Each structure stands twice: as C-alpha cells, then as structure tokens.
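Visitor: predicted model and sequence follow; I will ask about them next.
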Amino acid sequence: MNTPAHPTVALAMRSYSGQVELHDHDFPQIVLPQSGAMEIEVDGRGGKVDASQGVVIAPGARHSFLAERRNTFLVLDLDSPGGEPSLADTRFFAIDPQIRHLLGYASHSGALLNASSPVASAWSALLLACLARPAPSAPQRQALARALAHIEQHLGSPLSARAIAQAAGVSERSLYLLFERDMHSTPFAYISTLRLDRAIDLLGRTLLPISEIAQRVGYADQSALTHALKKARNQTPAALRKAARDTQAQAATRLRQA
C-alpha cells in the first residue's frame, strides 16, 4: 500500500529587523511565532504574526512585513511549487493548543529539527494536519481573532470572560463554544498556557528580574509564577533560566569551534 508523499520541507529559526519590502516566492511558506511579533501584509491583506496567530503565504503571493524589537520566528518552506492543497483556503490561523505544543517542541529541539530531515518532515506533517482541519466560518474566525487579540494585549492584566466576549462581539456562552470548537480549550486554560509560554520565553531571552516577568505575563508576583510553573511544567523560573543560558553558551561554543 502506497503512503502519500509529504512535500520536502526546510525549517529554520529566523529573526528580522526593520521592514522587508514587497516580494514573492514560488513555494508555500508558513511563518509561526516563537517570540516577538511582526506586522505582515499578504496580497493586500494585513495582519500580525504573534503568540496568538501564524500565517500561510501561498506561492506567488506578494507580501511584505515589518518586525521590530527582538523576535524569533519558525519559518517552514514547502517544496511544493503548485501549492499545498490542504492550505488552499488558509491565510492567517490561530495558534491553538496542538500547534502551540508543536512550537514548544521546536523551541526545545531546534538542533534536532535542523539536523534530521525525517524529524523535520514528521514535525511538518503534524503541523499540516493541524492546519487542514475544517476552518470556522468568517464571522466566527473574526470573533476568535478579536478575542485572541484582546488576550494578547491585556495578558499582563486581570482578564475576565465578560471583557473578552465584549471585545470579540459575542456572548460569554458563544466565547466558550468558540474556544472549545476551534482552540480545543477553554478561554482560561488558553490564557494560563499562553502566560506560562510567554514567561518561559522571557526567562530564556532576557535578563529581566523574575518578579518583573511574572507581572508582565499576568501573575501577582514571583511566587505565583513559580507555583504555576511547578504545577503545570514541573519547573522553576530559576531552573528554566539556567537551562536557557547553558543552551546559549553551548551554541556559542559550537560557533567558535566551527
């Protein structure tokens, strides 16, 4: 029995500075967030790639983007000049828990993804399967995007279902249904995961005090962040920061030896 072939893929972690002028390429490209954000326009439609949203750029689609401050994106190039059929109706897409899990794996196993084509292909196949799921209708997609944007903008402040629903233009019940169907999560489970992911990112790439990181991502103090990380990830902020520094030091050593 023949198994369907997956397109050849190229995965890379990339950082950008300033504006990249309008251009196109003859293969599909998927841009996913790891840290920071970029403003992007694809065929005249503007949007943002950040912790809540990624983008599919179709072959031949004219696009430009602007990225400021420190940032890292996972960029997937597919060797499929005619386009990937499963992505035909996809442009901007929400980072749901399944995709966030894949991004977490990529963040901690980047060297393995870069060194192993089979691993990169398997990872990419899982991502494409996530993106191939039936998309919500346009009004539902827009409501979810508004909800995610509100959460992103107010992550460091107390968040309520009522305020998120008002920002999305739906009832609280509809908000929960949207998250259950499209994010496979509740609003507050999503917020908790996003806060921890953002805290881990800041611990790894900044020298900010842990107490300040806690407040930036919505925890009352350092103790609250430590408790949440221990409960959900079996880690402490100090251990995560040390692991990130050790990884960075090892990478720097390899570069010097190359």
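Guide: Yep, that arrived. Residues are numbered from 1 along each chain as shown.

Visitor: contacts for whichever strand or helix holds residue 32 next, please.
Guide: Residue 32 is part of strand 29-35, with elements assigned from DSSP states H and E. By Cβ atoms under 8 Å, 6 or more residues apart in numbering, the list of residues contacting strand 29-35 from outside reads 13, 38, 40, 49-51, 53-57, 70-78, 87, 95, 99, 103, 106-107, 127, 131, 201, 205. In short, each C-beta sits where N, CA and C put it, glycine included.

Visitor: partners of that strand, with directions?
Guide: strand 53-57 (antiparallel), strand 72-79 (antiparallel) (DSSP bridges).

Visitor: three-state assignment of the closest residue to residue 52 other than its chain neighbours?
Guide: Nearest residue to residue 52, sequence neighbours excluded (Cβ to Cβ, 6 or more residues apart in numbering): residue 148, at 3.9 Å. Three-state call for residue 148 (DSSP: H, G, I helix; E, B strand; the rest coil): helix.

Visitor: need the pLDDT of residue 148.
Guide: pLDDT, residue 148: 88.

Visitor: distance check, it against residue 191.
Guide: 10 Å (Cβ to Cβ, to the nearest Å).

Visitor: okay, the two: which has more neighbours?
Guide: Between residue 148 and residue 191, counting by other Cβ atoms under 10 Å, residue 148 is the more crowded of the two (24 against 18).

Visitor: just to revisit the earlier point, out of the strands paired with strand 29-35, which is the most enclosed?
Guide: Each of the strands paired with strand 29-35 was scored by mean neighbour count; the highest is strand 53-57, a mean of 23, by mean count of other Cβ atoms under 10 Å.
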